[in-house]
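In: turn this into a model:
(chains A and B)
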Amino acid sequence: MEWSDSGIILGHTPFGENAYILSIFTEQRGHAKGLFRPNKTTRGWAEVGTVVSCAWNARLPEHLGNYTLEEGHVYAAALLSEPARLHALLSICNLLRLTLPEHQVSPVLYEATLHTIQQLTTEAWLKNYVLWEKILLEELGFGMDLTACAATGLTENLHYVSPKTGRAVSHSAGLPYHEKLLKLPAFFLDAVTHAALSDIRQGLKITGYFLEKWVLSLHQQQMPTVRRMMSDISA
Amino acid sequence: MSSPKTENDLLTLIKLLARLPGIGQRSARRIALHLLKKRESLLLPLAASLNTTAQNIRNCSECGNWDTQDPCNICVHPTRDKTILCVVEDVADLWALERSNAFRGLYHVLGGTLSALDGVTPNDLNIPKLLERCRENGVLEVILAMNATVEGQTTAHYVSQRLTALPLKITRLAHGVPLGGELDFLDEGTLTTALMARLAL
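Out: Here you go, the predicted model:
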């Protein structure tokens, strides 16, 4: 069996002395693994976050298979001296590798991931990153319901998110429970809205909370260290 | 005819040899036969050397290098510059830098890089000892000589963050065109980092 696709390298696990088991988030095949034997040339660019053209072949579809890669764009190269942005790139790849089931095709998540990685060198990188985590939650089936207030059904003046249900709560209904609810940043409701650093920090807190509570705990995994470090750097 | 015990001893040797890096079952059998043929000149000295190594080589409590003495030869060398510390991921990296003969300061082996998938957290790295050495030994410069990989550089940034409170200079190795490298054959990532780290002439 053979297939070709384009994808984002999520990481590699050493296999023997000269090979890796490569995890790639492909456009049409989802998260797919395969054996990859790097040489002097490929070792330089087969890095986490690189977008590549890949060809996979094996005798049977359930086999591990072998990857052949063609060089694409090495996004990590421009970020090596930018700690926070580099952490964001690694965090994206780590979270996908930890949470994304194999062969689950998700064009929306693929597009969002590619866009977020491409935008890591721009000014709005941190806001894009938080919105990417929100999409990740949605695509994994744990999206927040921010369409209407869980208590009153109102669609306006949504101010909080319930940490129990992930549903929005309006300002008036949530005020008595202010301490217990998570404050909803405006850019979660409308992505075009300008986001101040405090809003972004709040966004990171919300997505981080639900990723840990709903997704990572399911896989018995901890939040990656780089993701934790991101909260400190953005502060 | 060989006894079952001899066969077992030989099989054990072959199995152990086959567990070494780069050696499979076939090579292990060849090595075992070669050792047996060169019993006096190779097998016995090798066995003695392995035994001595197992008995005497230990981790340096200062830098993490392997040596017969603790602190290691590098740490106690009188002409080494004790104010410059070069932080490396692994002992293999320390040896590579030593081979270059270009660095005359001291080293510090971290013992890996941060990795969410392999479960390597900051607590698993030899960072507390690094902070202690920087604070107590009058270190003026720390060179972060991590691999130019995403995980290597993430670890470098983490270590640099931990060191910022101390009054010392933090530097890292340059990234870019290797010696003898022709631009036409270099990958896009190397060229990008080389351009970003360009120097004024």
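In: from now on I want contacts and neighbour counts done on CA atoms only, so please keep to that.
Out: Will do.
In: residue 74: neighbouring residues, count only.
Out: This is for chain A. By other CA atoms under 10 Å in any protein chain shown, 24 other residues sit near A:V74.
In: hm, I was asking about chain B
Out: With other CA under 10 Å as criterion, B:I74 counts 18.
In: and B:N59, how many neighbours does it have?
Out: With other CA under 10 Å as criterion, B:N59 counts 15.
In: for B:G180, give its distance to B:T192.
Out: Using CA to CA, to the nearest Å, B:G180 is found at 18 Å from B:T192.
In: and these two? which has more neighbours close in?
Out: Counted by other CA under 10 Å, B:G180 and B:T192 do not tie: B:T192 has more neighbours, with 19 against 6.
In: then that one would be within a helix, right?
Out: Yes - looking at B:T192 with DSSP: H, G, I helix; E, B strand; the rest coil, it is inside a helix.
In: hmm, it is touching A:L80, no?
Out: No - counting by CA atoms under 8 Å, B:T192 stays clear of A:L80, with 10.3 Å between them.
In: so the residue sitting furthest away from the middle of chain A: helix, strand or coil?
Out: For chain A, the largest distance from the centre (CA atoms, centre = their mean) belongs to A:P176, which lies 33.6 Å off. Here A:P176 is helix, with the state taken from three-state DSSP.
In: tell me the pLDDT of it.
Out: Looking at A:P176, its pLDDT is 93.
In: where do the strands of the chain begin and end?
Out: Let's take chain A. A:2-15, A:19-26, A:30-36, A:51-57, A:66-73, A:158-161, A:168-170, A:182-183 (DSSP state E).
In: wrong one, I was asking about chain B
Out: B:58-59, B:66-67, B:81-88, B:105-109, B:141-144, B:169-172.
In: okay, now the domains of the chain?
Out: In the absence of a named chain, this looks at chain A. A:2-73, A:80-145+A:184-232 (automatic domain parsing).
In: oops, chain B please
Out: B:4-56, B:66-172.
In: can you give the distance from the longest one to the centre of its chain?
Out: The chain centroid and the centroid of domain B:66-172 are separated by 11 Å, computed with CA atoms, centre = their mean, to the nearest Å.
In: and that domain, does that touch chain A?
Out: Yes - using CA under 8 Å from any CA of the partner chain, domain B:66-172 comes into contact with chain A via B:L114, B:S115, B:A116, B:L117, B:T121, B:A148, B:T149, B:V150, B:E151, B:Q153, B:T154, B:H157.
In: the third one: neighbour count?
Out: Read it as B:A116. B:A116: 22 neighbours (other CA under 10 Å).
In: just give the closest residue to it, not the sequence neighbours.
Out: Closest residue to B:A116 apart from its sequence neighbours, by CA to CA, 6 or more residues apart in numbering or on different chains: A:P224 at 5.0 Å.
In: show me the contacts for the one you found.
Out: Contact analysis of A:P224 by CA atoms under 8 Å, 6 or more residues apart in numbering or on different chains lists A:S91, A:N94, A:L95, B:S115, B:A116.
In: give me that answer again for 7 Å
Out: For A:P224, the contacting residues are A:S91, A:N94, B:A116, by CA atoms under 7 Å, 6 or more residues apart in numbering or on different chains.
In: by pLDDT, rank those residues and give me the bottom one.
Out: B:A116 (75).
In: hmm, back to that, out of the domains of chain B, which one sits most buried?
Out: domain B:66-172 (a mean of 17; mean count of other CA atoms under 10 Å in any protein chain shown).
In: tell me how far the ends of that one are from each other?
Out: So domain B:66-172: terminal residues 24 Å apart, CA to CA.
In: for chain B, what are the nearby residues on chain A?
Out: Within reach of chain B by CA under 7 Å from any CA of the partner chain, chain A has these residues: A:17, A:45, A:47-48, A:74, A:76-78, A:80, A:83, A:86-87, A:94, A:224-225.
In: can I have the buried ones of these as a PyMOL selection?
Out: Buried subset of the residues of chain A next to chain B, written as a PyMOL selection, criterion 16 or more other CA atoms under 10 Å in any protein chain shown:
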select buried, chain A and resi 45+47+48+74+76+77+78+80+83+86+87+94+224+225
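In: next one: the residue nearest the centre of chain A from chain B, what distance?
Out: For chain A, A:I92 is the residue whose C-alpha lies nearest the centre (CA atoms, centre = their mean; 4.0 Å). Applying CA to the nearest CA, to the nearest Å, the value for A:I92 to chain B is 12 Å.
In: give the closest residue to that residue in space, chain neighbours not counted.
Out: Per CA to CA, 6+ apart, closest to A:I92 is A:T113, 7.7 Å.
In: my guess is A:M230 contacts A:L86. True?
Out: No - here A:M230 lies out of contact with A:L86, judged by CA atoms under 7 Å, at a distance of 9.6 Å.
In: still on that earlier bit, redo the strands of chain A as JSON lines? Include mean pLDDT.
Out: JSON lines is the format used below for the strands of chain A (pLDDT from 0 to 100):
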{"stretch": "strand A:2-15", "mean pLDDT": "94"}
{"stretch": "strand A:19-26", "mean pLDDT": "95"}
{"stretch": "strand A:30-36", "mean pLDDT": "96"}
{"stretch": "strand A:51-57", "mean pLDDT": "96"}
{"stretch": "strand A:66-73", "mean pLDDT": "92"}
{"stretch": "strand A:158-161", "mean pLDDT": "94"}
{"stretch": "strand A:168-170", "mean pLDDT": "95"}
{"stretch": "strand A:182-183", "mean pLDDT": "95"}
